[in-house]
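[1] 3D model of this:
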Amino acid sequence: MSGHSKWASIKRKKARTDAVRGRLFSRLTREIIVAAREDGGDLDGNPRLRTAVENAKAGNLPNENIERAIKRGTGDLPGVSYEPATYEVYGPGGVAVLVETLTDNKNRTVSEIRHILGKIGGSLAETGSVSWQFDAKGTFVVEVADADEDELMMTVLEAGAEDMETEGDAYFITCPVEAFGAVKEVLQEAEIPFRDAQISQVPKNYIQLDSSEQGKVLRLLEWIEEQDDVQNVYTNLDIVEDALETAGEA
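    Down below sits the predicted model:
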């Protein structure tokens, strides 16, 4: 899962800038609105909303924003209606990319993605032609400073986790979807804070490209991430350090 954790680590580092933090707040808010709209505003009775709120707090979204988003979702406050849409993409070198969005205008969203693909290379794929290359997994991010590596690994593996990797200043944990609740519960019981918890799309296999092509893919991923409607971006690119330097020079 090295490529998955590397891309997640890149996004975490970029999230420290003010511009990216603003987009993060928007995405956290949208997830809360949609979760509350689907199953109500009760955190105890709505696991998706509870996870969305926990992620929002970990992302430093102010409490008043969280409360307002819940009320928009339940209809107690007026607000925009967002719909989920997933786009499957072939990037440079045939790399697979999944783009998850929450949007109030699907025509606008797909137009923006097509525009990006036209600039850097790639194409929209038919439904199912890319998604089969990924498996849904529960994923958690825990800061290295918040847990001992050996103790954390033992805790999550006993709860059903499949893997744990260290990337930079964070541990990246994966588990089967059915073990998501159990892993989350043991982390909370052990009072180990997690930076993020969600159901992610993890590649079954990874594609290696030369440095130049990898740089193009990373720029593509970053440009897609910058779109307001985009919630998550996943790729089966096996990222290496040389590619990060190539992307940074563009």
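[2] Show me what the lengthiest helix in the chain is packed up against.
    Longest helix of the chain, by residue count under DSSP state H: helix 18-39. Packing contacts for helix 18-39, counted by 3 or more Cβ pairs under 8 Å, 6 or more residues apart in numbering; DSSP states H and E, involve helix 47-58, helix 63-74, strand 96-103, strand 230-235. (Glycine included, C-beta is placed from N, CA and C.)
[3] Recalculate using a threshold of 6 Å.
    Contacts defined by 3 or more Cβ pairs under 6 Å, 6 or more residues apart in numbering; DSSP states H and E place helix 18-39 against helix 47-58, helix 63-74.
[4] most packed of the ones you listed?
    Highest mean neighbour count among these (mean count of other Cβ atoms under 10 Å): helix 47-58, with a mean of 20.
[5] Alpha carbons only: can I get it in PDB?
    In PDB, the C-alpha atoms belonging to helix 47-58 read as follows (Å, rounded to 0.1, in the frame of the first residue of the first chain):
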ATOM      1  CA  PRO A  47     -22.400   6.400  12.000                       C
ATOM      2  CA  ARG A  48     -21.500   8.200   8.700                       C
ATOM      3  CA  LEU A  49     -22.400  11.500  10.300                       C
ATOM      4  CA  ARG A  50     -20.500  10.600  13.500                       C
ATOM      5  CA  THR A  51     -17.300   9.800  11.400                       C
ATOM      6  CA  ALA A  52     -17.800  13.000   9.300                       C
ATOM      7  CA  VAL A  53     -18.000  15.100  12.500                       C
ATOM      8  CA  GLU A  54     -14.900  13.400  14.000                       C
ATOM      9  CA  ASN A  55     -13.000  14.000  10.800                       C
ATOM     10  CA  ALA A  56     -14.100  17.700  10.800                       C
ATOM     11  CA  LYS A  57     -12.900  18.200  14.300                       C
ATOM     12  CA  ALA A  58      -9.600  16.500  13.500                       C
END
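[6] neighbouring contacts of it?
    Residues outside helix 47-58 that contact it (Cβ atoms under 6 Å, 6 or more residues apart in numbering) are 28, 31-32, 35-36, 43, 66, 195-197.
[7] hmm, which two among the residues you listed are most spread apart?
    Ala36 and Arg195 (22.4 Å; Cβ to Cβ).
[8] most remote residue from this structure's center?
    Taking Cα atoms, centre = their mean, the residue of the chain most remote from its mean C-alpha position is Asp76, at 28.2 Å.
[9] So Asp42 lies in a strand, does it not?
    No: Asp42 sits outside any strand when classified using DSSP: H, G, I helix; E, B strand; the rest coil, being coil.
[10] if I look at it, how far off is Gly73?
    Asp42 sits at a distance of 12 Å from Gly73 (criterion: Cβ to Cβ, to the nearest Å).
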